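Peer 1: For reference, the sequence and a predicted model appear below.
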Amino acid sequence: RSLTHADGDILSVSTRVRLYHGEVHVEMVTSKGTVTANIVAYAGQRAPSLGANGLLIVNTSCTLEEKVAWHFTAGNASANAPHPVYSTESYACKTDKYKENPAAVLTKSGNVFTWMQELLVGPRWATSLLTTNLNESMDGVRQQVTFLATSSPLTGDHVAINLSINDVTWAANAWENGDLLREHRLAWSTFYNNASFLSFDHAKLEEFYWITQYKLGSGMGVRGDLSGDGGAMDHTSPWFLPNNGLFNWDLNIQMTWWSVSAANRLQLLEPLLSFLERHVQDFCMNVVPEARDDCDMKSFPKTLAGPSAHTGYVAVGRIEVGHGDPDKINKTIVPPGPLGDLVWVLSNVEQGYRLSGNKSIAERLYPLLASAVNYYMHWLNSSNSTSQEGDSKKVYHLPPTYSPEYIGGLGTGDTAYELALCHWGLRTILSLNEELGIVNDTRVPIWKDRFANLANYTIDEEYGINVAKDLPFEQPHRHFSHLMGVVLKDPRLSGAGGIALVNKSLDHWRALRATCTMTLPRASTRSQGPIVDYGWMGFSYAASSLMHARLGRSQEAMEDITWYVDHSAVDNAVGANLGPVPSDPSTPCPPTNIYNGSGLHQNTFYSEGVGDPTGETPFGMAAALQEIMVGASFEDASVINVFPGFGDGSSPIITTACFHNLRASGAFLVTACFANKSTSFVSIHSEGGNPCRLKVPSFQGNLSTMPSTSITVVGDGADRIIELDLHTGDTVTLFQEGADYNDFRVAPIPLSSKDENFWGLK
């Protein structure tokens, strides 16, 4: 930890994160003067020889008689994993099985101090500190710059020390040349300017959105090059899980990446893709032993298909970075455990491909998805089904599996979660096979047969989509696993009947969100005792908002986010003023349905319980806000919906909005503004020359384009579809005849001062 020592008595302190520059600004007024500090976690380009995980720069200035010193103190390296003599499964709460790490060892080389920290479990770390005192300026301001670098944890003792020393020495020299701060600010400005822009007249949520984008850049690196293990951003925290290597795969990883591609930050897909590619061997160890024969990944993923390609199965479980014994660390995935978590993760990668048209993404996705889908082939079994006309048809079913986090039982097979993922995986891998021109993949006939004959969802007339066969959705459920088909826009749920079914299912799930606790016999044999379900969590509201937006129900989408934010983000300890959850299951929930310690913190971070920090929920809410502005139509994924749900010309929560260069399916960059109960204009830039089909509900009159472009309109009113003839590189602005050209610009929406700067400690 770093400590600040000032000569005078501290009178006041203010801090602010400057999102655009990626800096923290501190001003401290003392009885002897003023101390200001700019703190940056360096994001610029590094010298090729340097390998530090982090470089922190503290630039301090003092006025009048004040003097300040920054001191780094090595804290106790608390054990975040059990000692090797204990089971890796005991890390959660069994603190008696932890042994304390040894104290850090301090060394000095010239004017650089270095602390070497040895861990009983995991690699060693080295942290170096260098402070330079600059000359006093003519107006009496004294400047001091402190550089703090932490070495790569995958290196040996001397290499780690040398790297951290080299880092701070290089940084000090670059600072004197004026390069360091300039490179850092350029990296952050590029992160924002080369992506997208979004503004709307809800100060609290607009600021929340931009803080989430800043957190993406901070957690993954503005170029997508700063994530643990060369890959996935840890959605919990590096101290919460052993060795920073366990990830939750049934929602958390997926939702963390929901907003990346639509925000036009495609470089942030690289951490996820590289992480998946690095751990294919771990995924192979998740499958049943008889499916591991072809799991030799030495050439993966260079070959897309053919005799030399990987043709085995890849599932997903808990993997540990720098694993030792894969058979002990990795979790074999068999029914009734969920089979499709990895397929869901890969849907984030596929979204990046659909929104950008980047074939290199598809080429890297294909072998991963093919293997993940193939694991479903191992478990599918067929039966004959007779239609009303008396025709017999082969149908493939999946064995009983648990729907993630649903506490109401197991069912007799064909879990909606698995059916949705299996169907999505099959239709996606077949599309990729055709689009990439792969002609020698012998698995295609099997995929086509299973896709054509896969079982459909089972339906309850009152509740909608069942959790599984013989298992209607009857219990409160914070997860939305039984609605995975809605998340993945399953085409079997389109059309008038499908949309009605989706709305019924979504409304029923949403209606149970107020149920606080429920006690009933546990259907699972995995553990004993009554079930206590705490109803919806933050990620439930994020997912509900996203799904409502995709259905054009923007009002409900906004209500879910605003209600949760308004009732959750209180003080610094979220939920602290709500009181405990009633112990009596018959007692109604508190109005917020949030139990102690869970929810959004004042800094926009999210946690479940006092000790469970998780990061996915804010990113999920950011994705929902994007979908409220623009997204693919649920009825037809080839149609771009601009301001869906704004067809009546009004929205009680959002009345004015602008966005620039949000990505849409088909490799389009979309820019639009909504004001005065109407869409002012829509600008479309085509990167792939694909057919462009739009739905703009608030466009009612005759339409024009600039420059003049062929327009075909199909249908009437808010449901009409607008078709534009665009080629690669074309940009066209669409507007209603008689519109004022002065409105054709994107600018920040003026915000109410009431909720400005809502986030952060006051």
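Peer 2: Noted; the coordinates are in hand. Residues are numbered from 1 along each chain as shown.
Peer 1: hey, let's count contacts and neighbours off CA atoms from now on
Peer 2: Will do.
Peer 1: Buried residues, stretch 624-644. List them.
Peer 2: 624-635, 637-644 (16 or more other CA atoms under 10 Å).
Peer 1: And for stretch 199-213?
Peer 2: Counting neighbours by 16+ other CA under 10 Å, the buried set in stretch 199-213 is 199-213.
Peer 1: quick one, phi/psi of R693?
Peer 2: Note on R693: its backbone torsions stand at phi -130, psi 130 [degrees, to the nearest 10].
Peer 1: wait, doesn't it sit right on D636?
Peer 2: No - counting by CA atoms under 8 Å, no contact exists between R693 and D636, whose distance comes to 10.0 Å.
Peer 1: Which residues are in contact with A747?
Peer 2: Contact criterion CA atoms under 8 Å, 6 or more residues apart in numbering gives S199, C658 as the residues in contact with A747.
Peer 1: let's see it at 10 Å
Peer 2: A747 sits next to F197, L198, S199, F200, A657, C658, F659, H660, C673 when contact means CA atoms under 10 Å, 6 or more residues apart in numbering.
Peer 1: Doesn't it belong to a helix?
Peer 2: No - counting by DSSP: H, G, I helix; E, B strand; the rest coil, A747 is located in no helix; its state is coil.
Peer 1: Please name every helix or strand in contact with the host helix or strand of F113.
Peer 2: Secondary-structure assignment from DSSP states H and E places F113 in strand 112-117. Applying 3 or more CA pairs under 10 Å, 6 or more residues apart in numbering; DSSP states H and E, we find strand 112-117 packed against strand 105-109, strand 125-133, strand 142-150, helix 157-176.
Peer 1: Centre-most residue in the protein?
Peer 2: T256 (1.4 Å; CA atoms, centre = their mean).
Peer 1: from memory it sits against P271, does it?
Peer 2: No - contact criterion CA atoms under 10 Å: T256 and P271 do not qualify, at 11.9 Å.
Peer 1: Torsion angles phi and psi at the residue nearest to the centre of the chain?
Peer 2: phi -60, psi -30.
Peer 1: For it, give its distance to A543.
Peer 2: 12 Å (CA to CA, to the nearest Å).
Peer 1: cool, and G219?
Peer 2: As for G219, its distance to A543 is 22 Å (criterion: CA to CA).
Peer 1: And K677, by the same measure?
Peer 2: Taking CA to CA as the criterion, K677 is separated from A543 by 27 Å.
Peer 1: which of the two has more neighbours?
Peer 2: Each of K677 and A543 had its neighbours counted (other CA atoms under 10 Å), and the higher figure belongs to A543 (24 against 15).
Peer 1: Secondary structure of the more buried one: a strand, I assume?
Peer 2: No - secondary structure assignment (three-state DSSP) places A543 in helix, not in a strand.
Peer 1: Could you pull up the residues touching it?
Peer 2: For A543, the contacting residues are 255, 479-480, 483, 487, 549, 557, 560-561, 617, 620-621, 623-624, taking CA under 10 Å, 6+ apart as the criterion.
Peer 1: let's see it at 6 Å
Peer 2: The contact partners of A543, by CA atoms under 6 Å, 6 or more residues apart in numbering, come to none.
Peer 1: Keep only those of the buried residues of stretch 624-644 that are in helices.
Peer 2: A624, L625, Q626, E627, I628, M629 (DSSP state H).
Peer 1: Pick out whichever of the residues you listed sits closest to D250.
Peer 2: When these are compared for distance to D250, the smallest value, 18.9 Å, is given by A624; criterion: CA to CA.
Peer 1: so what's the backbone phi/psi at the residue nearest to that closest one when sequence neighbours are not counted?
Peer 2: Take A624 and drop its neighbours on the chain: the residue closest to it by CA to CA, 6 or more residues apart in numbering is L546, 4.3 Å away. Backbone dihedrals for L546, given as degrees, to the nearest 10, come out at phi -60, psi -50.
Peer 1: What distance do you get for L546 to H601?
Peer 2: As defined by CA to CA, L546 lies at a distance of 21 Å from H601.
Peer 1: more neighbours, these two?
Peer 2: L546 (30 against 22).
Peer 1: Tell me how far that one lies from L488.
Peer 2: Counting by CA to CA, the separation of L546 from L488 is 11 Å.
Peer 1: What segments of the stretch 601-750 of the chain are helices?
Peer 2: 616-629 (DSSP state H, counting those that start in this stretch).
Peer 1: The lowest-mean-pLDDT helix or strand in the chain: what's the following helix or strand?
Peer 2: Across the helices and strands of the chain, the lowest-confidence element by mean pLDDT, DSSP states H and E is helix 326-329, at a mean of 43. Tracing the chain past helix 326-329, the next element assigned as helix or strand by DSSP H and E is helix 341-356.
Peer 1: continuing past that following helix, what's the next helix or strand?
Peer 2: The element immediately downstream of helix 341-356 (helix or strand, assigned by DSSP H and E) is helix 359-379.
Peer 1: quick one, phi psi at the residue lying closest to L120 once chain neighbours are set aside?
Peer 2: For L120, the nearest residue in space outside its immediate sequence neighbours is N101; the separation is 5.9 Å by CA to CA, 6+ apart. In this entry, N101 is assigned phi and psi values of phi -70, psi 150 (degrees, to the nearest 10).
Peer 1: Who are the contact partners of N101?
Peer 2: A77, L119, L120.
Peer 1: are any of those residues buried, and which?
Peer 2: Of the members of the contacts of N101, the ones counted as buried by neighbours, 16+ other CA under 10 Å, are L119, L120.
Peer 1: Let me know the closest of the contacts of N101 to G357.
Peer 2: Proximity of these to G357 was ranked by CA to CA; the top entry is L119 with 44.8 Å.
Peer 1: Excluding chain neighbours, give the residue nearest to that closest one in space.
Peer 2: Setting aside the residues directly before and after it, L119 is nearest to N101 in space (CA to CA, 6+ apart), at 5.5 Å.
Peer 1: Kindly report the same for L501.
Peer 2: Ranked by CA to CA, 6+ apart and with sequence neighbours excluded, the top spatial neighbour of L501 is G464, at 5.9 Å.
Peer 1: re earlier: what's the closest of the buried residues of stretch 199-213 to M28?
Peer 2: Sorting the buried residues of stretch 199-213 by how near they are to M28, with CA to CA, puts I211 at the top with 24.2 Å.
Peer 1: how far out from the middle of the chain is the helix or strand where that closest one lies?
Peer 2: Per DSSP H and E, I211 falls inside helix 203-220. In terms of CA atoms, centre = their mean, to the nearest Å, the gap separating the centre of helix 203-220 from the centre of its chain is 12 Å.
Peer 1: Return the alpha-carbon coordinates of it using PDB.
Peer 2: Coordinates of the C-alpha atoms in helix 203-220 are reproduced here as PDB (Å, rounded to 0.1, in the frame of the first residue of the first chain):
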ATOM      1  CA  ALA A 203     -27.600  11.600 -15.700                       C
ATOM      2  CA  LYS A 204     -27.300   8.700 -13.300                       C
ATOM      3  CA  LEU A 205     -27.400   6.000 -16.000                       C
ATOM      4  CA  GLU A 206     -25.400   7.900 -18.600                       C
ATOM      5  CA  GLU A 207     -22.500   8.300 -16.100                       C
ATOM      6  CA  PHE A 208     -22.900   4.700 -15.000                       C
ATOM      7  CA  TYR A 209     -22.500   3.600 -18.700                       C
ATOM      8  CA  TRP A 210     -19.300   5.600 -19.200                       C
ATOM      9  CA  ILE A 211     -17.800   4.300 -16.000                       C
ATOM     10  CA  THR A 212     -18.400   0.700 -17.200                       C
ATOM     11  CA  GLN A 213     -16.600   1.500 -20.400                       C
ATOM     12  CA  TYR A 214     -13.700   2.900 -18.400                       C
ATOM     13  CA  LYS A 215     -13.700  -0.300 -16.300                       C
ATOM     14  CA  LEU A 216     -13.500  -2.400 -19.500                       C
ATOM     15  CA  GLY A 217     -10.400  -0.400 -20.600                       C
ATOM     16  CA  SER A 218      -8.800  -0.600 -17.200                       C
ATOM     17  CA  GLY A 219      -9.500  -4.300 -16.700                       C
ATOM     18  CA  MET A 220      -8.600  -5.600 -20.200                       C
END
